[in-house]
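*Asks:* With the sequence up front, the predicted model follows.
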Amino acid sequence: MNREDFAEHFRTLEVDPNSTFQEIRRAYHHLRELFSKNSIVLNPVKDELDPEFQEDIILQIDHAYKELCFYFNEKEIEDARQTVAPEPVQMSVPPPADGYSGPVLRQLRERADIRLSDIALATRIRLEYLENIEKESYDGLPPAVFLRGYVASYAAYLSLDPVQVTRDFMNRYEKSRR
Amino acid sequence: MGNNGKKRCTIWAVAGGKGGTGKTFVINNIAIQLAARNLKTILVDADFGGPNVHTYFGVKPGPRSLTDFFEKNVPLKEVVTPTALDHLHIIPGNVNCFASEGMKHTQKSKFLRHVRTLESDYVLLDLGGGVGVNTIDTFLVADKMILVLAPESTAIENLYHFIKNIYFRKLKTLLGLHGLRHIAHEKWKERQTNRVQDIRGLIESLREQEPEACLLITEELARFRVYLVLNQVRNEKQISIGFSLRSICAKYLGIETEFVGYVEHDAMFWQNINLEHPYVHFWKSPRLTDGIGRLTDNLIEGRQFRGGRVPA
Ligand SMILES: Nc1ncnc2c1ncn2[C@@H]1O[C@H](COP(=O)(O)OP(=O)(O)OP(=O)(O)O)[C@@H](O)[C@H]1O
Ligand SMILES: [Mg+2]
């Protein structure tokens, strides 16, 4: 697939189609925060849109980011992560040494003071699945093809790198199946 | 780049919003930047409420001003006054009248008829903070509509109001052009609120009755664009307000804007200037010239400011 197939997602994140992953990530974090928090720029127009449209905006932003994460290969994403330039992200937690496991994700989520029900609402993933992801109760989870997407959305919501999180999480999942 | 009278001049205008955000300050600086690029520029002080462009250029008020054009039928090109800078001319405003009601309809028509005939690469209009329809109509005629905001909540709120106002005005004008004023009027009364979302619905509801006009109007509105300049920036974090506004205008209001750049707050501006030639200071202050230079280039190219995003 080439960049043109992703034109819509670049547009949603308001970035140039030639942007690096780093720029995309920055734009994503900016938009995510902008549309989910009260601020002097958002409050005056809060009533302009019905609530469901407001929610849609956030979903679209998440979706675009998720898709673009799959577009960029791991190398680019790795490079972006290692760039020394200070990255203005809300949650600049270094990736955990032992990779992202369910409990680690839960810990990060709680540290960011985010409720699972919020994630469920925003990602439209069943709350029960989210709980099982954190508990690594693999039996209560859908098949791997779906699970991968859910984990990615969950990670994106927490402003974590979806590619790395899914890779770590799915590795653990595969191992347990063997 | 010369002008041999064949090419029509490009008009940029500033208007609207809260008083004192720095419209005059910014447009004057942009004028200087254009002139520095060897582009002939005429800066018109069309702020009827409080003209003060001349102050920045050390030009004494009078002898020639817009008043001569409006009241004594002096041709517009004859009230063009040189400044100490090459390529930069101004048309001073009328300092002696108390036209607090802003531009009148007759003045608007006459002005718009003549302004295009000026021989210049650029004509810049400082329309002041007025919100009268004639001021807005003049603004809407510009090739680039520039809005200046300061990073504070009242200025931001005012900006949204102003953007919505000019958008609705544009829509009304378009409806009128397509002979739909009467329909629009009826629908207008029925509408629930004056949210942009509902106005879109109104256009949609016209689609069945007037499909062609509706299409043209939608296309025209899609071309509607304002250019945002963030002024009086005091720290790096504030720059993101420019990006934020652009995103919100696009995603909440469906109105396209371009955030072209920011200007730092220069706290020592009035302390440091030479009162006879204040503009000289614009050159001496790199924090001003850098920002304004960059945003002028972005305006010329019609592109967005390219700097890092810093979350608000
Ligand atoms: N970036 C800046 N740094 C320092 N001073 C500034 C800056 N921008 C504007 N000012 C000062 O703030 C004051 C108000 O600016 P200005 O007259 O340009 O506002 P305005 O928007 O044109 O106001 P009005 O609506 O009354 O026409 C002026 O004294 C101006 O010199
Ligand atoms: Mg002014």
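*Replies:* Structure received. Ligands and ions are numbered 1, 2, ... in the order given.
*Asks:* got the contact list for B:Gln238?
*Replies:* Contact analysis of B:Gln238 by C-beta atoms under 8 Å, 6 or more residues apart in numbering or on different chains lists B:Pro151, B:Leu230, B:Tyr262. No exception for glycine: its C-beta is placed from N, CA and C like everyone else's.
*Asks:* helix or strand for B:Gly58, which one?
*Replies:* For B:Gly58, there is no host helix or strand (DSSP states H and E).
*Asks:* A:Tyr150 against A:Pro142, yeah?
*Replies:* Yes. Under the contact definition of C-beta atoms under 8 Å, A:Tyr150 touches A:Pro142, with a separation of 7.4 Å.
*Asks:* These two: who's more crowded?
*Replies:* A:Tyr150 (21 against 14; other C-beta atoms under 10 Å in any protein chain shown).
*Asks:* B:Ser176 - how many residues pack around it?
*Replies:* Heads up, residue B:176 is Gly, not Ser. B:Gly176 has 12 nearby residues by other C-beta under 10 Å.
*Asks:* let me redo that: B:Ala267
*Replies:* 10.
*Asks:* Would you agree B:Leu171 falls within a helix?
*Replies:* Yes. Counting by DSSP: H, G, I helix; E, B strand; the rest coil, B:Leu171 is part of a helix.
*Asks:* So which bits of the helix or strand where B:Thr218 lies are buried?
*Replies:* According to DSSP H and E, B:Thr218 maps onto helix B:211-222. Using 16 or more other C-beta atoms under 10 Å in any protein chain shown as the test for burial, helix B:211-222 gives B:Ala213, B:Cys214, B:Ile217, B:Leu221.
*Asks:* now the helices: where do they sit in chain A?
*Replies:* Listed in chain order, the helices of chain A (DSSP state H) span A:7-12, A:21-36, A:51-71, A:74-82, A:102-111, A:116-123, A:127-135, A:144-157, A:162-177.
*Asks:* Throw the ones you listed into JSON lines and include distance to chain B and mean pLDDT, thanks.
*Replies:* As requested, the helices of chain A are exported to JSON lines (distance: least, C-beta to the nearest C-beta, whole Å; pLDDT from 0 to 100):
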{"stretch": "helix A:7-12", "distance to chain B": "9", "mean pLDDT": "92"}
{"stretch": "helix A:21-36", "distance to chain B": "5", "mean pLDDT": "89"}
{"stretch": "helix A:51-71", "distance to chain B": "5", "mean pLDDT": "89"}
{"stretch": "helix A:74-82", "distance to chain B": "14", "mean pLDDT": "64"}
{"stretch": "helix A:102-111", "distance to chain B": "18", "mean pLDDT": "89"}
{"stretch": "helix A:116-123", "distance to chain B": "16", "mean pLDDT": "82"}
{"stretch": "helix A:127-135", "distance to chain B": "25", "mean pLDDT": "94"}
{"stretch": "helix A:144-157", "distance to chain B": "16", "mean pLDDT": "87"}
{"stretch": "helix A:162-177", "distance to chain B": "19", "mean pLDDT": "90"}
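*Asks:* Deepest-packed of those, please.
*Replies:* For the helices of chain A, ranked by mean neighbour count under the definition mean count of other C-beta atoms under 10 Å in any protein chain shown, the leader is helix A:21-36 at a mean of 22.
*Asks:* Low-confidence ranges, chain B, go.
*Replies:* Applying pLDDT under 70 to chain B flags the ranges B:1-6, B:61-62, B:95-101, B:184, B:187-193, B:268-287, B:308-312.
*Asks:* check which helix or strand covers the residue of it found nearest ligand 2.
*Replies:* Nearest residue of chain B to ligand 2: B:Thr24, at 3.3 Å (C-beta to the ion). Secondary structure assignment for B:Thr24, by DSSP H and E: helix B:23-36.
*Asks:* Over to B:Arg246?
*Replies:* Per DSSP H and E: helix B:240-248 holds B:Arg246.
*Asks:* strands paired with the helix or strand following that helix, and their directions?
*Replies:* Where DSSP H and E defines the elements, the next helix or strand beyond helix B:240-248 is strand B:256-264. With DSSP bridges as the test, strand B:256-264 is paired with strand B:225-233 (parallel).
*Asks:* How about the strand it pairs with and ligand 2, any contact?
*Replies:* No. Taking C-beta under 5 Å from the ion as the criterion, strand B:225-233 and ligand 2 are apart, separated by no less than 11.7 Å.
*Asks:* Could you list the buried residues of that strand?
*Replies:* B:Val226, B:Tyr227, B:Leu228, B:Val229, B:Leu230, B:Asn231, B:Gln232, B:Val233.
*Asks:* so what's the residue of the stretch 101-250 of chain B at minimum distance from ligand 1 up against?
*Replies:* Closest to ligand 1 within the stretch 101-250 of chain B is B:Gly129: 3.4 Å, counting by C-beta to the nearest ligand atom. Applying C-beta under 8 Å, 6+ apart, we find B:Gly129 in contact with B:Ala15, B:Gly16, B:Gly17, B:Lys18, B:Gly19, B:Lys23, B:Asp47, B:Gly49.
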